[in-house]
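In: Make a model of this:
(one chain, ligands or ions: 1)
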Amino acid sequence: MEETEQLLEKYEPAFEKVPECPVNWDLSALKTEENLKKIFSFIDLTTLNSTDSANSVQDFCDKLVSFEKDFPDMPMVGAVCVYPVFASVLKARLKNIDVNRAVVSAGFPSSQTYLDLKVLETKKALDFGANEIDIVISVGEFLEGNHEFVMEEIKRIKSEMGDAHLKVILETGALTSIENIWEASIIAMEAGADFIKTSTGKISPAATPEAAWVMVHAIKAYHETTGKVIGFKPAGGISTSEDALIYFKLVKDILGEEWLTSERFRIGASRLVNNLLSDISELQGKPFSPYF
Ligand SMILES: O=C[C@H](O)COP(=O)(O)O
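Out: Purely as a prediction, here's the structure:
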């Protein structure tokens, strides 16, 4: 039996014990200033548009640098996340603030390119200043049952990354079943993912509580079995405080308070920041106008 099949068999009993995902989420007690600020610090503030340019990414970064001065009571976001060609812009413009420089790589978002190009793209992004890399699994190969291929690709990319963090996107909206999401989670973690991430944000559905539920249980099972700590990143379509609070609650309830840190929990989002800031201002009784 192949290595990946043995691995999946080992984790099957844990999968069978995953409870049903709740349909309703009671978030009322969670919408506090403290929690919303924590969520803010977990954001991978993302711009992944075909229209992005060096100038627009520069402006995006400069806004974050001004934000730190204009909102001294707010934490910094976890990372800024951009296309690889802008890694050097992040390095130059964010050098004076404490924020991670994340870059999508390896043929993002389809992952449909040669492995040597995936490795090259990743190495270049790191050389130019990224310290976190987000890649997508080869979804088509995974769905064909080529688990070994998916595992080896991730391992190879990770092996070229030194200390930089690797986030592996499962593209859960394309995985067709809860079992597939579980298996992709286990394979990605075993292959060296520091984080597993739901979605690229480029297909629908993107992040869902149901997909997150399975992934977070997989992280828990993997931690219990290996002692390894893997982070979780829901991404795609998360735009309101309530959307984010569902993932916050899910991580808190299943993995515990110790996962509520930007080392272990990120939320990939392009539109969440202003809504969080608006809700925080409302809780503080202060006026707010969109900042980002
Ligand atoms: O990785 C992050 C996602 O691409 C962001 O998706 P979003 O634009 O729907 O927030």
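In: Report the beta-bridge partners for the closest residue to the ligand within the stretch 1-150 of the chain.
Out: Residue of the stretch 1-150 of the chain nearest the ligand, by CB to the nearest ligand atom: Thr46 (4.2 Å). Using the backbone N, CA and C atoms, a C-beta is placed for each residue, glycine as well. Thr46 forms beta bridges with Cys81, as assigned by DSSP bridges.
In: where does the residue nearest to Gly231 when sequence neighbours are not counted fall, phi/psi-wise?
Out: What sits nearest to Gly231 in space, not counting adjacent residues and going by CB to CB, 6 or more residues apart in numbering, is Phe195, at 3.8 Å. Backbone torsions of Phe195, given as degrees, to the nearest 10, read phi -130, psi 150.
In: Over to the one 5 residues further on?
Out: Taking degrees, to the nearest 10, you get phi -80, psi -20 for the backbone angles of Thr200.
In: so how far is the ligand from it?
Out: For Thr200, the distance to the ligand equals 6 Å [CB to the nearest ligand atom, to the nearest Å].
In: Hmm, Gly236 and that residue touching each other?
Out: Yes. The pair Thr200 / Gly236 is scored as a contact, 6.6 Å apart, by CB atoms under 8 Å.
In: Common neighbours of the two, please.
Out: Ala206 (CB atoms under 8 Å, 6 or more residues apart in numbering).
In: circling back to that earlier point, what's the burial count for the residue of the stretch 1-150 of the chain closest to the ligand?
Out: Number of residues near Thr46 (other CB atoms under 10 Å) recorded here: 24.
In: List the contacts of it.
Out: The contact partners of Thr46, taken as CB under 8 Å, 6+ apart, are Val80, Cys81, Val82, Gly201, Ala235, Gly268, Ala269, Ser270.
In: same thing but 7 Å
Out: Contacts for Thr46 (CB atoms under 7 Å, 6 or more residues apart in numbering) come out as Cys81, Gly268, Ala269, Ser270.
In: now those as CSV including distance to the ligand?
Out: CSV is the format used below for these (distance: CB to the nearest ligand atom, whole Å):
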residue, distance to the ligand
Cys81, 6
Gly268, 3
Ala269, 4
Ser270, 3
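In: residue contacts, the residue nearest to Gly231?
Out: Contacts for Phe195 (CB under 7 Å, 6+ apart) come out as His165, Lys167, Ile230, Gly231, Phe232, Lys233, Arg266.
In: for Lys249, same thing?
Out: Counting by CB under 7 Å, 6+ apart, Lys249 makes contact with Trp25, Leu27, Leu30.
In: can you tell me the helix or strand for the nearest residue to Met1 once chain neighbours are set aside?
Out: The shortest distance from Met1 to any non-neighbouring residue, by CB to CB, 6+ apart, is to Glu9 (7.7 Å). Using DSSP states H and E, Glu9 maps to helix 3-16.
In: Only alpha carbons, please: show that helix as CSV.
Out: C-alpha atoms of helix 3-16 as CSV (Å, rounded to 0.1, in the frame of the first residue of the first chain):
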residue,chain,number,x,y,z
GLU,A,3,2.5,5.8,2.0
THR,A,4,-0.4,8.2,1.6
GLU,A,5,-3.0,5.4,1.7
GLN,A,6,-1.5,4.1,4.9
LEU,A,7,-1.6,7.6,6.3
LEU,A,8,-5.2,8.1,5.5
GLU,A,9,-6.2,4.7,6.9
LYS,A,10,-4.5,5.6,10.2
TYR,A,11,-6.6,8.8,10.5
GLU,A,12,-9.9,7.1,9.4
PRO,A,13,-11.1,6.3,12.9
ALA,A,14,-10.7,10.0,13.9
PHE,A,15,-12.7,11.1,10.8
GLU,A,16,-15.5,8.7,11.8
